[in-house]
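# Sequence plus predicted model, see below.
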Amino acid sequence: MYFCSACGFESPRWLGRCPQCEAWNSFDERPMRVTPARSRPTSRTSETGGPIPLRDVDRSATTRSSTGLHEFDAVLGGGIVPGSVTLIGGPPGAGKSTLLLQIAANLAGESGPVVYVCGEESAAQVRLRAERLALGEREILVYPETNLRVVLDAMEKLAPRALIIDSIQTVWLPEAESYAGSVTQVRDCAQAAMEFSKRTSCATFVVGHVTKDGAIAGPRLLEHLVDTVLYFEGDVNSDHRILRAYKNRFGSIDEICVFTMRPDGLHEVSNPSELFLSGRHGRPSGSCVVAGIVGSRPVLIEIQALVGETSYGTPRRLANNVDQGRLAMIIAVLERRVGMQLGSHDVYASVAGGLRVNEPAADLGIALAIASSFRNRPLPADAAAFGELGLSGEVRAVTASARRIAEANKLGYRTLFTPQNCRDVAQAIEAALA
């Protein structure tokens, strides 16, 4: 087999350019040896030699436990499930290691040890971070080892309650014919960690690096093997972090957890609406507050739009944290149903605070923000909106309207533009900009 020395991509023949990382002359030939996997029982099915009725499955093995972080427990679906494998990804400096070290400190001393495998740092570096977070007195077991086979053999005797691997790209297995971080090593290490976790009911947390495109490095199989995939969103240069679930076998994938990064670690934000609206001073044109639903909670977010005459032949349509295709559809509806001549104007739309908005209920807010910027007239200071736009310009009903209205009223927004009081987008714009 030929392996790319830059990213670990495998190929049965030599290639001049790697199709994955696009590096030139990076392929080296190495012998390929197939090692049979160890056969270990992973459940009662293997021990008894056959399937068992679903009603006879022990339900106590799925009792959740808290991490000490209420909002993080909600993202996981209600707490940690024994034997689950959670993958946490994000850009450098997002707070992955900090978050897991805080979770390890909260779990330490409760019905079993917690082991923190530091493949990227030394034990002394981990202690320095723990002291900075005021966690130095907690009973956390630190294991500075990158050989995952040695780690798992030690865990067999120790029987920890939770295992944290930081990170999956730095550990390796001696039976895999590749180096740490390659596609083969990441795949085999994830498989070995998953088998150990399911067999021993040890909750495992794995840190994953990301590529320059923002995807978790390694094979796609890595995300399929784990039970939960969490990812840090937003600008890492700001004080707050947004943790979103992209896959969760034990809960919803739409939940988010908002943290504030401080010198003593990550602190949960119980009311994200106030955070996303905290930077607003007055109401300029092109700004609209949208009452959205993120996961199971209502959240108020600010959508900003900027409309200006284009300097080129083709107008630009740029969206930040808003779906590009949905923005193009809303612009087309405004041109056709409202009569706005946007064909010679650049349109920019963005969500303040770094939260990505995917739900159709934000359509009316985006349309109002664009109309406000186009006419250079601000919306009322206490106005908020939500509703889905149809291609004929009608405002369609969305789910959880009562909860959205209650969240807006709680924060002082009394003028609401909703599917209940707006027949179409033209009527909503005239009422908002009157």
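Cool, the structure landed.
# For the stretch 151-300 of the chain, just list every one of the strands.
162-166, 203-208, 228-233, 240-248, 256-262, 265-268, 287-294, 297-309 (DSSP state E, counting those that start in this stretch).
# any chance of those in CSV, plus distance to Ala176, mean neighbour count and mean pLDDT?
In this view, the C-beta of every residue, glycine as well, is placed from N, C-alpha and C. Listed next are the strands of the stretch 151-300 of the chain as CSV, based on distance: least, Cβ to Cβ, whole Å; neighbours: other Cβ atoms under 10 Å; pLDDT from 0 to 100:
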stretch, distance to Ala176, mean neighbour count, mean pLDDT
strand 162-166, 16, 25, 94
strand 203-208, 17, 26, 94
strand 228-233, 23, 22, 90
strand 240-248, 25, 21, 88
strand 256-262, 34, 20, 88
strand 265-268, 34, 18, 90
strand 287-294, 40, 25, 92
strand 297-309, 43, 20, 92
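# With respect to Ala385, which of those strands lies nearest?
Closest to Ala385 of the strands of the stretch 151-300 of the chain, according to Cβ to Cβ: strand 287-294, at 5.9 Å.
# what sits up against that closest one?
By Cβ atoms under 8 Å, 6 or more residues apart in numbering, the list of residues contacting strand 287-294 from outside reads 254-256, 272, 277, 280, 298-305, 355, 357, 359, 361-362, 364-366, 368-369, 372, 378-379, 383-386, 399-400, 403-405, 407-408, 413, 416.
# so what's Ala371 up against?
So Ala371 contacts 334, 338, 340, 429, 432-433 (Cβ under 8 Å, 6+ apart).
# which of the residues you listed lies closest to Val114?
Set against Val114, the nearest of the contacts of Ala371 by Cβ to Cβ is Ala432 (53.0 Å).
# residues touching that closest one, list them.
Neighbour list for Ala432: 368, 371-372, 379-380, 383, 385, 417 [criterion: Cβ under 8 Å, 6+ apart].
# any chance of those residues in a markdown table, plus distance to Gly68 and secondary structure?
As requested, the contacts of Ala432 are exported to a markdown table (distance: Cβ to Cβ, whole Å; DSSP: H, G, I helix; E, B strand; the rest coil):
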| residue | distance to Gly68 | secondary structure |
| --- | --- | --- |
| Leu368 | 41 | helix |
| Ala371 | 46 | helix |
| Ser372 | 43 | helix |
| Leu379 | 41 | coil |
| Pro380 | 42 | coil |
| Ala383 | 39 | strand |
| Ala385 | 37 | strand |
| Phe417 | 41 | strand |
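# Going through these, which ones are buried?
368, 371-372, 379, 383, 385, 417 (16 or more other Cβ atoms under 10 Å).
# Out of the residues you listed, flag the one nearest to Arg423.
The closest of the buried ones among the contacts of Ala432 to Arg423 turns out to be Phe417 (Cβ to Cβ; 11.2 Å).
# Contact partners for the closest one?
Applying Cβ under 8 Å, 6+ apart, the residues near Phe417 are 364, 368, 383-387, 428, 431-432.
# where in the stretch 1-150 of the chain is pLDDT low?
5-8, 31-49, 60-61, 109-110, 136-137 (pLDDT under 70).
# And the helices in the stretch 101-250 of the chain?
123-132, 148-158, 183-200, 221-225 (DSSP state H, counting those that start in this stretch).
# taking the ones you listed together, which one is wrapped up most tightly?
Highest mean neighbour count among those (mean count of other Cβ atoms under 10 Å): helix 183-200, with a mean of 21.
# Mean confidence (pLDDT) on that one, please.
Taken as a whole, helix 183-200 has an average pLDDT of 90.
# what helices or strands is it leaning on?
Where contact means 3 or more Cβ pairs under 8 Å, 6 or more residues apart in numbering; DSSP states H and E, helix 183-200 is packed against strand 85-89, helix 148-158, strand 162-166, strand 203-208, helix 221-225.
# quick one, that helix and strand 203-208 angle?
170 degrees (axes from the mean of the first three to the mean of the last three Cα atoms, to 10 degrees).
# Which one, of the helices and strands packed on helix 183-200, ends up nearest to Ala245?
Among the helices and strands packed on helix 183-200, strand 85-89 sits nearest to Ala245 (Cβ to Cβ), with 9.6 Å.
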